[in-house]
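Peer 1: prediction below, plus the sequence it came from.
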Amino acid sequence: MTTQNCILIGAPMDCGKRRAGCLMGPDAYRTADLAGALQSLGHKVQDRGNVSPAPVDPIAHDRLYKLAETIAWTESLADACVAALKDGFPIFMGGDHALALGTLLGATRHAAASDKPLFVLWLDAHTDYHTPQTTDSGNLHGTPMGYIAGRDGFDGFPAVEHPVPHDNICMLGLRSVDPAERAALEGTDVTYIDMRAIDEHGIAGPLNTFLDKVRAADGHLHVSLDVDFLDPSFAPAVGTTVPGGATVREAHLVMEMLHDSGLMTSLDLVELNPFLDERGRTAQLMVELTASALGRRIFDRPTRAFS
Ligand SMILES: NC(=[NH2+])NCCC[C@H](N)C(=O)O
Ligand SMILES: [Mn+2]
Ligand SMILES: [Mn+2]
């Protein structure tokens, strides 16, 4: 297994939605010993501490929640992501999903500077494909995919110089899509794999098809893992639970396949709200999943019965 230079970055962003608690996420990952789990796999691990954006004057807005704060986080996280991608494999410990506005922006900049196309795997119950104009809730954690795909309406945000083509995006685990998001997504080349498709075809086939595409294009791959990708019976510590999500095994399989592909270049862990957790079990599960993504396996050799 190749040794990675894992760079942990805390992103205690909590302004992407109304319900507070994600600011405790980075410390929950540290308490659950994410660093130790990765070190035990032979990786180098450096914890760069938490990103903290410069204080801002709030922008009064009739619909959007904490717009100025979210813009400030976007700029700081993009810089942190570009810097970390130069040195190794960044893992962002969130923080709510609005942090992906920044990490994705950084990933697009790094990929463009390396002359590689960027691909995005979005593991989530939600598409997060709103714009500040289309969101009903005003919660900007519902917008990062819209932003990075180059949709209009992100006034005040840093310009996305290198939007990710729809063809390079795969959303997996979907089961809560707002009408405006559905209308905007249908007819695009985004690969959206909802829970029904997973029920009918399994999770491995559709994911492999996408990973083959990344490999063929020699692309970079940013993976964004929202806690609500998982079924709430396994992962209760999230403010936007939607029943009918991925099982523990489905999620591990995705992570194991990502590791085996060798394609993943950066990772977000988002929406963990430790205030809603039960004795740390969601944080623990997210650490286990990250370990699978970095090479932990049940046996070192393939099971013989299926060779
Ligand atoms: N990152 C998330 N948990 N997003 C949930 C978004 C829910 C809903 N679509 C909204 O825009 O408000
Ligand atoms: Mn999300
Ligand atoms: Mn979600």
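Peer 2: Cool, the structure landed. Ligands and ions are numbered 1, 2, ... in the order given.
Peer 1: which residue does this structure have closest to ligand 1?
Peer 2: With CB to the nearest ligand atom as the measure, Gly142 is the residue of the chain nearest to ligand 1, at 2.6 Å. C-betas here are computed from N, CA, C, even on glycine.
Peer 1: show me which positions of stretch 129-148 end up buried.
Peer 2: For stretch 129-148, the buried set under the neighbour-count rule, 16 or more other CB atoms under 10 Å, comprises 129-132, 134-135, 138-148.
Peer 1: hmm, I was thinking of stretch 234-254
Peer 2: By neighbour count, and taking 16+ other CB under 10 Å as the criterion, the buried residues in stretch 234-254 are 234-242, 245-246, 250-254.
Peer 1: farthest pair in these?
Peer 2: Based on CB to CB, the longest span within those runs between Gly239 and Leu253 and measures 25.9 Å.
Peer 1: what pLDDT is listed against the residue positioned nearest the centre of the chain?
Peer 2: For the chain, the residue sitting closest to the mean C-alpha position, by CA atoms, centre = their mean, is Ser224 at 1.5 Å. You'll see Ser224 listed with a pLDDT of 99.
Peer 1: are we agreed that it is in a strand?
Peer 2: Yes - under DSSP: H, G, I helix; E, B strand; the rest coil, Ser224 sits within a strand.
Peer 1: hang on, isn't it packed against Trp122?
Peer 2: Yes - here Ser224 reaches Trp122: they are 5.4 Å apart, a contact under CB atoms under 8 Å.
Peer 1: need the contact list for Asp14.
Peer 2: Going by CB atoms under 8 Å, 6 or more residues apart in numbering, Asp14 touches 20-23, 95-96.
Peer 1: do you know how far the nearest residue to it once chain neighbours are set aside is from Ala11?
Peer 2: Sequence neighbours aside, Leu23 is the residue nearest to Asp14 in space, at 4.1 Å (criterion: CB to CB, 6 or more residues apart in numbering). Between Leu23 and Ala11 the distance, using CB to CB, to the nearest Å, works out to 10 Å.
Peer 1: so which of those two has more stuff around it?
Peer 2: Under the neighbour definition other CB atoms under 10 Å, Leu23 and Ala11 were set side by side, and Ala11 has more, 31 against 20.
Peer 1: hang on, the more buried one packs against Leu77?
Peer 2: Yes - counting by CB under 8 Å, Leu77 is a contact partner of Ala11 at 6.0 Å.
Peer 1: need the overlap of contacts for those two.
Peer 2: In terms of CB under 8 Å, 6+ apart, Ala11 and Leu77 are both contacted by the residues 51, 92, 99, 102-103.
Peer 1: mind checking which of those residues land in strands?
Peer 2: The strands in this structure, assigned by DSSP state E, contain Phe92 from the shared contacts of Ala11 and Leu77.
Peer 1: mean confidence score for stretch 145-158?
Peer 2: Per-residue pLDDT over stretch 145-158 has a mean of 98.
Peer 1: over to stretch 189-199?
Peer 2: For stretch 189-199, the mean pLDDT works out to 98.
Peer 1: gap between the two ends of it?
Peer 2: Using CA to CA, to the nearest Å, one end of stretch 189-199 lies 22 Å from the other.
Peer 1: these two touch, right, Gly295 and Leu38?
Peer 2: No - using CB under 8 Å as the test, Gly295 is too far from Leu38 to be in contact (9.0 Å).
Peer 1: which one's more surrounded, the two?
Peer 2: When Gly295 and Leu38 are compared on other CB under 10 Å, the one with more neighbours turns out to be Leu38, at 24 against 18.
Peer 1: look at the more buried one and give its secondary structure.
Peer 2: Secondary structure for Leu38, judged by three-state DSSP, is helix.
Peer 1: what comes into contact with the lengthiest helix in the chain?
Peer 2: Looking across the chain with DSSP state H, the single longest helix is helix 67-87. By CB under 8 Å, 6+ apart, the surrounding residues in contact with helix 67-87 are 5, 7, 9, 11, 13, 15-16, 48, 51-59, 61, 90, 92, 98-99, 101-103, 105-107, 109-110, 132, 140, 156-158, 265-266.
Peer 1: take these and keep only those in strands.
Peer 2: Here DSSP E is the test, and these give 5, 7, 9, 11, 48, 90, 92, 265-266 as lying in strands.
Peer 1: chain neighbours aside, what residue packs nearest to the residue nearest to the centre of the chain?
Peer 2: Counting by CB to CB, 6+ apart, Ser224 lies nearest to Asp268, which is 4.3 Å off, once chain neighbours are set aside.
Peer 1: that'll do, ta.
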